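J.: what shape does this take:
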Amino acid sequence: MVDSSVVSAWVDGYRKAWESNEPDDIRALFTEDAVYRTEPYDDGWRGHDEIVAGWLDGRDEPGDTEFTWSPLISAGDVATITGVTHYDDATYSNLWVIRFAEDGRATEFTEWYMTHPED
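T.: This is a model prediction of the structure:
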């Protein structure tokens with residue numbers, strides 16, 4: 001079972017990559033054959049080259065977001081978290097499903113995000 005320290009370290013690494021947009025920071029999160037899905041039924045980006053290219057194509061600039069999260073559940077090699085991402089013009093609720101390799105990198109990552117209604 002994935003323990004909370006592995007999940008926390010991975011999310012910290014994700015935030016580091018989110019802010020830096022550095023290819024090495026992005027690659028460090030994923031196994032070489034990982035799949036990253038931006039929608040649950042999407043084929044996803046496969047492998048480091050596609051993950052880095054997809055990430056950078058839709059990147060946020062450093063400082064554009066505030067992100068808070070909390071663990072939801074872990075079972076076996078899978079963990080889920082909930083999060084909230086604040087931009088200047090929108091807020092999103094997030095659900096992430098992360099399948100971990102033994103070394104703490106992700107073999108699969110799927111994200112769901114929904115826009116909050118305007119207040």
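J.: what about the longest helix in this protein?
T.: The longest helix of the chain (DSSP state H) is helix 4-20.
J.: would you mark the buried spots in it?
T.: Under the neighbour-count criterion of 16 or more other C-beta atoms under 10 Å, helix 4-20 has Val6, Val7, Trp10, Val11, Gly13, Tyr14, Ala17, Trp18, Glu19 buried. All C-beta atoms are positioned from the backbone trio N, CA, C, and that covers glycine.
J.: count of neighbours near the nearest residue to Asp77 once chain neighbours are set aside?
T.: Distances taken as C-beta to C-beta, 6 or more residues apart in numbering place Phe100 nearest to Asp77, at 5.0 Å, with adjacent residues excluded. Applying other C-beta atoms under 10 Å, we find 21 residues neighbouring Phe100.
J.: contact partners for Phe100?
T.: Val2, Val6, Trp10, Asp77, Val78, Ala79, Ala106, Thr107 (C-beta atoms under 8 Å, 6 or more residues apart in numbering).
J.: for Arg105, phi and psi?
T.: phi -90, psi 160 (degrees, to the nearest 10).
J.: quick one: contacts for the residue lying closest to it once chain neighbours are set aside?
T.: Nearest in space to Arg105, with sequence neighbours left out and distances taken as C-beta to C-beta, 6+ apart, is Thr31 at 5.0 Å. Counting by C-beta under 8 Å, 6+ apart, Thr31 touches Ala101, Asp103, Arg105, Ala106, Thr107.
J.: thanks a lot, see you next time.
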